[in-house]
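Engineer: I need the structure of the sequence given here:
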Amino acid sequence: MCECETRNAVVMATNLDVDIAAIDELIKLGRFRSKREAVDAAVLEAIAYRKQLKALDFLGTIDFQQGGSSMPASGEAR
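Structural biologist: Residues are numbered from 1 along each chain as shown. Got it, this is the predicted structure:
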């Protein structure tokens with residue numbers, strides 16, 4: 001296996017059984033230049049999606065106070 005550093009990430013060569021038709025469709029839809037680029041983007045999008053799902057756990061748990069802000073309005077002295 002080859003490990004090298006690119007784009008602030010460690011990259012490791014792997015062998016995976018993947019749905020080539022799905023990757024080909026992703027390449028067309030996302031206008032990616034390579035399978036590698038498409039898979040990298042898909043992994044990053046999956047991570048972002050999972051983080052959003054996790055953030056939903058906090059929905060409705062933060063209490064906001066009605067009324068004014070504690071920050072001064074624009075142009076007011078602090």
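Engineer: tell me which strands and helices the longest helix anywhere in the chain is in contact with?
Structural biologist: Ranked by residue count, the top helix of the chain under DSSP state H comes out as helix 35-55. Here helix 35-55 touches helix 20-30, going by 3 or more Cβ pairs under 8 Å, 6 or more residues apart in numbering; DSSP states H and E. Glycine gets a C-beta too; all of them are placed from N, C-alpha and C.
Engineer: returning to what we had before: how far does the longest helix of the chain sit from the chain's center?
Structural biologist: Helix 35-55 sits 5 Å away from the centroid of its parent chain (Cα atoms, centre = their mean, to the nearest Å).
Engineer: what number of residues lie near Ala38?
Structural biologist: By the other Cβ atoms under 10 Å criterion, the neighbourhood of Ala38 contains 21 residues.
Engineer: okay but it is in contact with Ile23, surely?
Structural biologist: Yes: in this structure, Ala38 is within contact of Ile23 by Cβ atoms under 8 Å, at 5.7 Å.
Engineer: list phi and psi for Ala9.
Structural biologist: Per-residue torsions, Ala9: phi -140, psi 150 (degrees, to the nearest 10).
Engineer: circling back: in the longest helix of the chain, what's buried?
Structural biologist: Taking 16 or more other Cβ atoms under 10 Å as the basis for neighbour counts, the residues of helix 35-55 that come out buried are 38-39, 42.
Engineer: quick one: the residue nearest the centre of the chain from Ala55, how far?
Structural biologist: By Cα atoms, centre = their mean, the chain has its centre lying nearest to Ala48, at 2.9 Å. If you measure Ala48 against Ala55 using Cβ to Cβ, to the nearest Å, the figure is 10 Å.
Engineer: now do Ala42
Structural biologist: 20 Å.
Engineer: quick check: the residue nearest to the centre of the chain vs Ala41, distance?
Structural biologist: Applying Cβ to Cβ, the value for Ala48 to Ala41 is 11 Å.
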